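J.: Need the 3D shape of this:
(one chain, ligands or ions: 1)
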Amino acid sequence: MHDDALSETRSESRSAPTAEAELERRFEAMIADEVRIEPRDWMPEGYRRTLVRQIAQHAHSEIIGMQPEGNWITRAPSLRRKAILIAKVQDEAGHGLYLYSAAETLGIDREDLLDLLHTGRQKYSSIFNYPTLTWADMGAIGWLVDGAAIMNQVPLCRCSYGPYGRAMVRICKEESFHQRQGFEILHTLSHGTPAQKAMAQDAVNRFWWPSLMMFGPPDAASTHSAQSAAWGIKRFGNDELRQRFVDMTVPQAQALGLTLPDPDLRWDERSGHWRFGAVDWDELDRVIRGDGPCNAQRVERRRTAHEDGAWVRDSAEAYAAKHADTTRATAAA
Ligand code: BYC
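T.: Now for the predicted structure:
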């Protein structure tokens, strides 16, 4: 669709009370033409709800994801490692903020989203319900968890909803940096003493399968994939992205000199893919339902952090109100 035609469509959809079917037809045409949907465009309620669900889950994952890594800030093995880890955890907070802002453009309040997280009514990624037991886990999270996140999130930069797609561009750039720092931590450990190499291997053993679960259930069991793909929200199915992640990661594990804990992992010459063993979908189900090793601890910590931060929000609101009063008084003078 040409720009002129698009702006005509948009201004009409904003001003004229067109019949719902016509609005829907225009929406579908925009999706088919890969024209981005923006906050003021008409959209079906299901599209809006799907985006709120996915963006909120994503935002929650970013801020809950600060906990397992924050756990190692005080015990990072050097000042350099500590500074890098602090910056990474701070990046995750920033990702959460862009994503909550993107969700707010869909007419939902950030406080309400946080309430849904704190009361267990909205999910966050299963991966953050696993503990970080050693320093090598910082490497495994960066390499595998950020690696899986990038694989999943780069296609979201082309999401049909503008504010989400644009937020993802910056997030993916930062995640790429995170992935490299994780790889570098593991590379140092795997080329260190035998004890350090064993620590790196143990971290990879524990994070490999949960990383594969980050892509969601198999396509056949995925409730939302087909509709999300039709709306241009998801560009690939869960299984395809999982396979791409395995194909990308196996050679990297070889470069690290570490093994992946899957006896069925083998190169399939015919398809040109690494074939992997069966994922334990019952485990994903259990962790999503709240029965992972750290679910209760993560949500409790998040609630406490929110309560502890109440004074900051109150102060910011009071400052904003005072600033608005001053601006009004100056304008009236
Ligand atoms: N964990 O129909 P499906 C990050 C839920 S990276 C928890 O396939 P969909 C970070 C799913 O929500 C992690 N829940 O759903 C990285 C749905 O439940 P509801 C966050 C999961 O939405 C490094 C149900 O299962 N990334 O933040 O089409 C450092 C059926 O699934 C999981 C994102 O969120 C799971 N692993 O696809 C710091 C990326 N898998 O909602 C931070 C954006 C599935 O019906 N999100 N579920 O109750 C997505 O791409 C998609 O939402 C998913 C799932 C691929 C995750």
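
J.: For the stretch 101-250 of the chain, which segments count as helices?
T.: For the stretch 101-250 of the chain, the helices defined by DSSP state H, counting those that start in this stretch cover 110-118, 136-140, 146-153, 162-190, 194-213, 225-230, 238-256.

J.: can you tell me which residues contact the closest residue to residue 179 other than its chain neighbours?
T.: Of all residues not flanking residue 179 in the chain, residue 146 sits nearest, at 4.3 Å (CB to CB, 6 or more residues apart in numbering). C-beta: built from backbone N, CA, C; applies to glycine. Taking CB atoms under 8 Å, 6 or more residues apart in numbering, we find residue 146 in contact with 175, 178-179, 182.

J.: can we see that at 10 Å?
T.: Counting by CB atoms under 10 Å, 6 or more residues apart in numbering, residue 146 touches 65, 88, 92, 153, 174-183, 211.

J.: Tabulate the CA atom coordinates of stretch 123-134 in PDB.
T.: Extracted in PDB, the C-alpha atoms of stretch 123-134 (Å, rounded to 0.1, in the frame of the first residue of the first chain):
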ATOM      1  CA  LYS A 123       3.100 -15.500  33.300                       C
ATOM      2  CA  TYR A 124       6.800 -14.800  32.800                       C
ATOM      3  CA  SER A 125       9.400 -17.000  31.100                       C
ATOM      4  CA  SER A 126       9.900 -20.400  32.700                       C
ATOM      5  CA  ILE A 127      13.700 -20.100  32.500                       C
ATOM      6  CA  PHE A 128      13.900 -17.700  35.400                       C
ATOM      7  CA  ASN A 129      12.500 -20.200  37.900                       C
ATOM      8  CA  TYR A 130      15.800 -22.100  37.900                       C
ATOM      9  CA  PRO A 131      18.500 -21.200  40.500                       C
ATOM     10  CA  THR A 132      21.900 -19.700  39.700                       C
ATOM     11  CA  LEU A 133      24.200 -21.900  41.800                       C
ATOM     12  CA  THR A 134      27.600 -21.000  40.600                       C
END
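
J.: Got the phi and psi for residue 273?
T.: phi -130, psi 160 (degrees, to the nearest 10).

J.: That one touches residue 243, doesn't it?
T.: Yes: counting by CB atoms under 10 Å, residue 273 does reach residue 243; the two are 5.9 Å apart.

J.: what would the helices of the stretch 101-250 of the chain look like in TSV with mean pLDDT and distance to the ligand?
T.: Listed next are the helices of the stretch 101-250 of the chain as TSV, based on pLDDT from 0 to 100; distance: least, CB to the nearest ligand atom, whole Å:
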stretch	mean pLDDT	distance to the ligand
helix 110-118	97	11
helix 136-140	98	11
helix 146-153	96	4
helix 162-190	96	7
helix 194-213	98	5
helix 225-230	97	5
helix 238-256	98	5
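
J.: any idea which of those helices is most buried?
T.: Compared across the helices of the stretch 101-250 of the chain, helix 136-140 shows the largest average neighbour count, a mean of 27 (mean count of other CB atoms under 10 Å).

J.: how about stretch 36-52 as PDB, C-alpha atoms only?
T.: In PDB, the C-alpha atoms belonging to stretch 36-52 read as follows (Å, rounded to 0.1, in the frame of the first residue of the first chain):
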ATOM      1  CA  ARG A  36       2.500  -1.500  10.700                       C
ATOM      2  CA  ILE A  37      -0.400  -1.200  13.000                       C
ATOM      3  CA  GLU A  38       0.000   1.800  15.300                       C
ATOM      4  CA  PRO A  39      -1.700   2.600  18.600                       C
ATOM      5  CA  ARG A  40      -4.400   4.800  17.100                       C
ATOM      6  CA  ASP A  41      -5.300   2.400  14.300                       C
ATOM      7  CA  TRP A  42      -8.400   0.300  14.700                       C
ATOM      8  CA  MET A  43      -7.600  -3.300  15.700                       C
ATOM      9  CA  PRO A  44      -9.600  -6.300  16.600                       C
ATOM     10  CA  GLU A  45     -10.000  -6.900  20.300                       C
ATOM     11  CA  GLY A  46      -8.300 -10.300  20.000                       C
ATOM     12  CA  TYR A  47      -5.300  -8.800  18.400                       C
ATOM     13  CA  ARG A  48      -5.000  -6.200  21.200                       C
ATOM     14  CA  ARG A  49      -5.500  -8.900  23.900                       C
ATOM     15  CA  THR A  50      -2.800 -11.100  22.300                       C
ATOM     16  CA  LEU A  51      -0.400  -8.300  22.200                       C
ATOM     17  CA  VAL A  52      -1.000  -7.200  25.800                       C
END
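
J.: how distant is it from the center of its chain?
T.: Counting by CA atoms, centre = their mean, to the nearest Å, stretch 36-52 is centred 19 Å from the centre of its parent chain.

J.: Is there proximity between that stretch and the ligand?
T.: No: on the criterion CB under 6 Å from any ligand atom, stretch 36-52 is out of touch with the ligand, staying 7.8 Å away.
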